[in-house]
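> structure for the following, please:
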Amino acid sequence: MLIIPAENAINWKRPPWVTLGLIMACLLVFLFYQGGDDRKLESALEQYLEQDLLALEAPAYEDYLQREIRFEGNQQRVLELQEFQRLQETGEKPWQALTLLLDREFYQYLQQNQRLIWTPAERARWQDQRSAIEQQWISQMSAYQLGLVPAKLSLYTLITYQFLHGGWGHILGNLLFLFLLGFTVEKALGPGRFLVAYLVCGALSGLVFTAFSTGSQLPLVGASGSISGLMGMYVAIYGLQRIRFFYFLGVYFNYFRAPAIAVLPVWLGKEIYDYWFAGATGIAYMAHAGGLAAGAGLVWLLGQSWLQVKEEFFEPGQEAQDEQFTKAYGQAMASLGRMEFELAQRQFEALHERYPDRPVLLQHLYQLAKLRPDLEAYRLRTEEMMAAAMAGHQPEQMVELWQEYLSKGEAHNPLPPESHNRVLFASLKRHDFKVAEKAFERMRTSADPDMVHEACRLLVAEFEKLQMEPKARHYRQLLAAQG
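Residues are numbered from 1 along each chain as shown. Predicted structure coming up:
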């Protein structure tokens with residue numbers, strides 16, 4: 001059964017840049033750095049077969065598997081022995097050779113027991129030829145250079161292994177989950193802390209894997225430990241809040257709601273159970289378990305300090321905001337319908353403060369303010385509406401608002417000179433000189449000399465272009481009078 005948290009939708013107005021960057025980094029590493037692995041493995045295989053190392057190693061491999069079964073009780077080796085014997089019976093030498101080349105624990109066994117396995121001449125030939133293949137090809141493959149090998153643990157591979165993958169199915173599955181979880185956790189923590197927490201979870205996941213695979217030569221690659229860390233952080237961030245989860249069981253899928261943290265023991269239990277009972281599937285179950293525990297632990301330990309969730313993260317999503325807005329807007333409109341104008345005004349003001357980017361609210365506030373043109377609120381709303389019209393490249397609407405205010409509110413609370421100046425500029429662009437002159441007359445009585453001088457100069461220039469000399473002369477005289 002697969003359970004995935006699905007509480008949030010991505011906001012593409014604020015893209016999760018770090019999550020997208022990690023996805024791109026993994027893809028680039030896979031395509032351009034790991035892209036040469038197949039060629040290296042093919043060369044190693046070709047050289048291995050040419051030198052007939054299979055004849056030396058195949059008998060030793062069967063003996064090695066039988067010893068593992070007899071003395072270590074490793075039942076998975078029974079299946080491997082049966083498969084290898086089948087390959088021998090069918091004469092599939094390339095697959096036999098590939099099996100021996102990639103079994104790193106077997107290679108370590110050969111190095112430790114070569115004196116007991118071969119004669120001195122065979123041992124010398126094996127050392128010479130097999131070492132050349134290892135140094136030239138196998139050791140140069142990405143998994144052995146930058147993968148996390150428990151027997152050769154190093155600090156840098158705790159980070160680098162997170163960006164390597166074992167194939168297209170592996171990387172595409174990981175990157176899908178990275179995207180589904182990453183954009184939410186990045187939104188909660190912020191890009192910088194998210195990146196550090198992601199890498200730390202991957203490193204701790206690698207340490208847990210190493211603790212359960214001490215001495216292993218098999219390299220660990222993949223972002224699944226880090227992604228498990230994101231899952232742990234995800235549910236720890238929400239804590240006891242009930243959130244939505246998507247689940248997939250066989251061919252059936254659906255959603256359910258549950259306290260976020262309640263799913264963590266389910267995930268952990270599944271990984272631990274699979275580690276003990278699923279057999280050798282090639283999946284690093286303990287790395288997943290370590291990542292889950294690391295992610296949740298980091299949030300619980302540092303959630304009140306360094307990993308504190310941003311306050312805006314818990315704001316309702318867009319759908320919830322739209323639902324809340326529709327409900328509150330309906331209540332305000334109902335107050336209008338009952339002619340409870342003061343109540344409606346308070347309701348629209350509260351909505352406008354919460355949703356300043358919804359122009360319909362400002363329009364309602366303007367219409368309500370217009371009911372009392374003698375009050376200053378009407379002037380303030382008119383200025384807001386004029387500014388919004390100007391920002392929306394609607395000069396005609398701005399001029400209409402200005403003209404309406406002149407007829408209703410100017411006598412009570414005059415507009416500031418800046419408002420008249422904006423109308424003047426907009427009117428000149430539209431070649432509406434009658435309105436421009438009217439705005440100039442309103443402005444010149446209260447504006448500072450510099451503003452009047454600039455407006456007068458523009459009027460002169462426009463009338464001169466149109467060869468309207470009497471008008472141009474009039475404004476030149478005003479300029480001269482200003483000194």
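> the nearest residue to residue 222 once chain neighbours are set aside: what's it in contact with?
Take residue 222 and drop its neighbours on the chain: the residue closest to it by C-beta to C-beta, 6 or more residues apart in numbering is residue 165, 5.5 Å away. In this view, the C-beta of every residue, glycine as well, is placed from N, C-alpha and C. With contact set as C-beta atoms under 8 Å, 6 or more residues apart in numbering, residue 165 has these partners: 26, 30, 34, 171, 174, 221-223.
> do the same with residue 358
325, 351-352 are the contacts of residue 358 under C-beta under 8 Å, 6+ apart.
> most neighbours among these, please name it.
For those, the largest number of neighbours (other C-beta atoms under 10 Å) sits with residue 351, at 21 neighbours.
> okay, and that residue sits in which element?
helix 341-354 (DSSP states H and E).
> so which bits of that helix are buried?
Neighbour counts over helix 341-354 (16 or more other C-beta atoms under 10 Å) mark 344-345, 347-348, 351-352 as buried.
> contacts for it?
For helix 341-354, with C-beta under 8 Å, 6+ apart as the criterion, the contacting residues are 325, 328-329, 331-333, 335-336, 358, 361-362, 364-365, 368, 371.
> so for it, mean pLDDT?
Here helix 341-354 scores 92 as its mean pLDDT.
> just stretch 300-308 next, same as before
86.
> what about it, start to end distance?
10 Å (C-alpha to C-alpha, to the nearest Å).
> what do you get for stretch 22-40?
26 Å.
> same question for it: list its buried residues.
22-23, 26, 29-30, 34, 37, 40.
> for residue 165, phi and psi?
phi -140, psi 160 (degrees, to the nearest 10).
> now residue 254
Dihedral angles for residue 254 - degrees, to the nearest 10 - are phi -170, psi -180.
> okay, the residue lying closest to it once chain neighbours are set aside and residue 258: tell me how far apart.
Leaving out its chain neighbours, the residue that sits closest to residue 254 by C-beta to C-beta, 6+ apart is residue 247, at 6.4 Å. Per C-beta to C-beta, to the nearest Å, residue 247 is found 10 Å from residue 258.
> try residue 429
Taking C-beta to C-beta, one finds residue 429 at 60 Å from residue 258.
> okay, these two: which has more neighbours?
More neighbours surround residue 258 than the other of residue 429 and residue 258, with 16 against 11 (other C-beta under 10 Å).
> pLDDT value on the more buried one, please?
For residue 258, pLDDT reads 89.
> shouldn't it be in contact with residue 246?
No. The pair residue 258 / residue 246 is not scored as a contact, 11.9 Å apart, by C-beta atoms under 8 Å.
> quick check: phi and psi on residue 430?
The phi/psi pair for residue 430 (degrees, to the nearest 10) is phi -90, psi 0.
> all strands of the stretch 251-400 of the chain, in order?
With strands called from DSSP state E, counting those that start in this stretch, the stretch 251-400 of the chain shows them at 252-259.
> how about the helices of it, start to end?
264-277, 285-302, 318-337, 341-354, 359-369, 376-391, 395-408 (DSSP state H, counting those that start in this stretch).
> and the ones you listed, which one is worst for confidence?
helix 318-337 (a mean of 84).
> identify each buried residue in that helix, please.
So helix 318-337, judged by 16+ other C-beta under 10 Å, has buried residues 328-329, 332, 335-336.
> biggest separation within the contacts of helix 341-354, which pair?
325 and 371 (24.2 Å; C-beta to C-beta).
> what distance do you get for the residue nearest to residue 222 to residue 382?
61 Å.
> could you do residue 52 as well?
94 Å.
> residue 290 too?
Residue 290 is 63 Å from residue 382, by C-beta to C-beta.
> of the two, who's got more company?
Taking other C-beta under 10 Å, residue 290 and residue 382 do not tie; residue 290 has more neighbours (29 against 24).
> please verify my assumption that the more buried one contacts residue 207.
Yes. Counting by C-beta under 8 Å, residue 290 touches residue 207, with 7.0 Å between them.
> what about residue 47, how many residues nearby?
Residue 47: 17 neighbours (other C-beta under 10 Å).
> A strand includes it, no?
No. Residue 47: not assigned to a strand; according to DSSP: H, G, I helix; E, B strand; the rest coil it is helix.
> that one - nearest residue in space that isn't next to it in sequence?
residue 133 (5.4 Å).
> ok, the one you found - contacts?
44, 47-48, 53, 101.
> helix, strand or coil for it?
helix.
> hmm, back to that, can you pick out the most distant pair from the buried residues of helix 341-354?
Longest span within these, C-beta to C-beta: 344 and 352, 12.1 Å.
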